[in-house]
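In: No sequence on hand, only this structure:
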């Protein structure tokens, strides 16, 4: 008995030490990566904002490049844009919702004009759907209604499904001459076994989406912000390169820390990791099942958790509550009691489940209603400017940043 | 004096021998190439045709694959299609006119429904124009009016400028998953320094053009003929591959011998070889100048030409007259007198100049008139079927022919 107890204690101790190690590893990963690629910390940005909101103050938006250009535009009352796409391989999950909540906050507090390409062509060429039909179905049935239901302003938001907006391809063709197969393969980690559609999508169609707000049809060059995960930084570097050659404003970037997946802190919430994600279309029993078996930052041994507290920073439920739902006061309170061992894992899971089920029940209704409003959000402006643009100049010769 | 005469004689002799060698080389090139890639000779086709017309009987159309499928369709009164594009890097020259004359003959005698993509995107991505604007200008100002002026039937001919028909890109995206970057690079001789637009154009947009007549919008699967030069055979092989996976009819091919360029028999008439081509927009003085300095199958020594005759088969002027203008009787007469030394180079050039100037003067008027009729020829059918097509099946896994 005593030997068994000893060994349970030992296992719990090892588990706790591993969790501390993981926390430190992840926290230093983001900071080292930020410095390595030369992005600025958002610490100074927070001081410039009247209301930094939850995403800056909880250090979710932790790094940026040229975000000051956006703040300048806001100060001067000039138009600025956000581009943030969605790959409709399935419905939105809470990781996507978190991203769209960030956009929503930027629209409400700083007046962002937001373009949301729903990239059905991407879904297909990267093999996440085996027909354009399936990708478009996801787009109109799940993605767009969910996005609208989150509360975007139809006067400041334009959504398009790439397959239904083929004018974009002329812009992509135009841009394609600024890049080489080689450089695209390198940045996006493609190889020669890839299909030509994936290469063209990554290297040209995606660039066209990012630069679209700066085309004459959409008001010409303007500060544009691309919120991305840190692994997507190289894409932005390419788009800044291309923008310079078109005499556009190089897009600014704002980097967010991923929502932790239900399977643990080393993986983000992602459609490609089974049961790592809670979808906005999940039924209550799915939610309960996934949360029940979710990883926890707390200890498997209640006594140890009470004594040392949970490792809050790597807990998926706490991550979910941090990105969604909680006011600053609630957030601080829960953070404290979970970290101190007053709040137990089961209680936190129960709390998160309640928040999620409440939200989903409401969202389901709103999503059905949103289907009636899709038309108000769809971008239909013909793209003719790239057909009239002047000759490429010697800029083409300059391939380096 | 005598030594000089000797040396002139020697030079002329060497020139004549070189011309015979070139003739043999070119004639065996076509025949060997045909056998090497496993195409059928058109000899049996000629017997099946009521009127073989000038292009079969003069052995310009010398090789084919599956042309019998076309004849079957004609016999059964079924619809069949030709796809033959034009890269609008400039105006049409007589090499292009020859190609379009072949199409016209196939339309008039066998009822071909002809699709003519004017590939402004290709012009741009392969760097033959530095803007889509320049390529589109060539398309609407020169190419389309010239093509219409040649006499195509508006009820059986559909022309589109790729930049102005972006629906095509959805078909290209759909098709792109049947190929790899690797296979496209190999077939089209591209490398990793190429831009992603060129790769996508070659491997997907071009395939979409070839397979377009078989989409449901255009009546579904049907025999389709692609007339090409022998160097383009690998493109057809790719398109046959893709067609099979879509349950389409693999396109038939009909191979023509190139019109010999003005600079000599080793190069076809081409926009990329200066002064090798006479354009349908050339002024009379340009035509005269180019023809005056053109290569000849005759001898530089009049006496030798009278004695041995010209090497007719490698003469650009005779090639031009073979592809254009001459009736069978005239053609046979000129062939004989030029080959026997009764007709001299200067006389042949004079005759060709007259034919060309007469044609150009007439064509200039017709081209201006044709500009009023462009609308009657433009393809505008929306392409929606690829957005509704079923899932790709296990066919995708099968990459080999």
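Out: That came through, no problem. These numbers were taken from a predicted model, which means no experiment stands behind them.
In: So for stretch A:196-207, mean pLDDT?
Out: Taken as a whole, stretch A:196-207 carries a mean pLDDT of 94.
In: first to last residue in that stretch, what's the distance?
Out: For stretch A:196-207, the first-to-last residue distance is 16 Å (C-alpha to C-alpha, to the nearest Å).
In: buried set for it?
Out: A:196-207 (16 or more other C-beta atoms under 10 Å in any protein chain shown). Where C-beta positions appear, they are placed from N, C-alpha and C, glycine not excepted.
In: What are the contacting residues of stretch A:171-180?
Out: Stretch A:171-180 is contacted by residues A:200, A:203-205, A:207-208, A:211-212, A:215, A:238, A:241-242, A:245-246, A:383, A:386, A:389, A:392, A:396, A:399, B:121, B:124-125, B:127, B:132, B:163, B:192-198, B:200-201 when judged by C-beta atoms under 8 Å, 6 or more residues apart in numbering or on different chains.
In: Buried members of the residues you listed into PyMOL, please.
Out: Of the contacts of stretch A:171-180, the buried ones can be selected in PyMOL as follows, counting by 16+ other C-beta under 10 Å:
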select buried, (chain A and resi 200+203+204+205+207+208+211+212+215+238+241+242+245+246+383+386+392) or (chain B and resi 121+124+125+132+163+194+195+196+197+198+200+201)
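In: wait, does stretch A:140-153 make contact with chain B?
Out: No. Figure legend: stretch A:140-153 not in contact with chain B (C-beta under 8 Å from any C-beta of the partner chain); closest approach 11.3 Å.
In: Which single residue in the stretch 201-350 of chain A comes nearest to chain B?
Out: Nearest to chain B, among the residues of the stretch 201-350 of chain A, is residue A:203, at 4.0 Å (C-beta to the nearest C-beta).
In: again but with the stretch 251-400 of chain A, I slipped
Out: For the stretch 251-400 of chain A, C-beta to the nearest C-beta, closest residue to chain B: residue A:391, 4.1 Å.
In: picking that back up, mind checking which of the buried residues of stretch A:196-207 are in helices?
Out: Judged by DSSP state H, helices contain the following of these: A:196-200, A:206-207.
In: What residues sit buried inside stretch A:61-70?
Out: Applying 16+ other C-beta under 10 Å to stretch A:61-70 flags A:61-67, A:69-70 as buried.
In: quick one: average confidence on that stretch?
Out: 95.
In: Likewise for stretch A:93-105?
Out: The average pLDDT within stretch A:93-105 is 94.
In: for stretch A:297-311, same thing?
Out: 83.
In: Buried residues, it. List them.
Out: A:297-299, A:301, A:304-305, A:308-311.
In: Quick one: end-to-end distance for it.
Out: Start and end residues of stretch A:297-311 are separated by 5 Å (C-alpha to C-alpha).
In: ok, residues contacting stretch A:298-316?
Out: Stretch A:298-316 is contacted by residues A:8-9, A:11-13, A:15-16, A:19-20, A:22-23, A:26-27, A:260-265, A:269, A:294-297, A:318, A:335, A:338-341, A:343-345, A:348 when judged by C-beta under 8 Å, 6+ apart.
In: give the contact list for the residue of the stretch 201-350 of chain A closest to chain B.
Out: A:176, A:179, A:181, A:183-184, A:188, A:238, B:196.
In: and stretch A:247-267 with chain B, contact?
Out: No. Contact of stretch A:247-267 with chain B (C-beta under 8 Å from any C-beta) is absent, the minimum separation being 14.6 Å.
In: now do the same end-to-end measure for that stretch.
Out: 38 Å.
In: and the residue nearest the centre of chain A, what helix or strand is that in?
Out: Nearest residue to the geometric centre of chain A (C-alpha atoms, centre = their mean): residue A:99, 4.2 Å. Taking DSSP states H and E as the criterion, residue A:99 maps to helix A:94-110.
In: how far does that helix sit from the chain's center?
Out: On the basis of C-alpha atoms, centre = their mean, to the nearest Å, helix A:94-110 sits 9 Å off its chain's mean C-alpha point.
In: That concludes my questions; thank you for your assistance.
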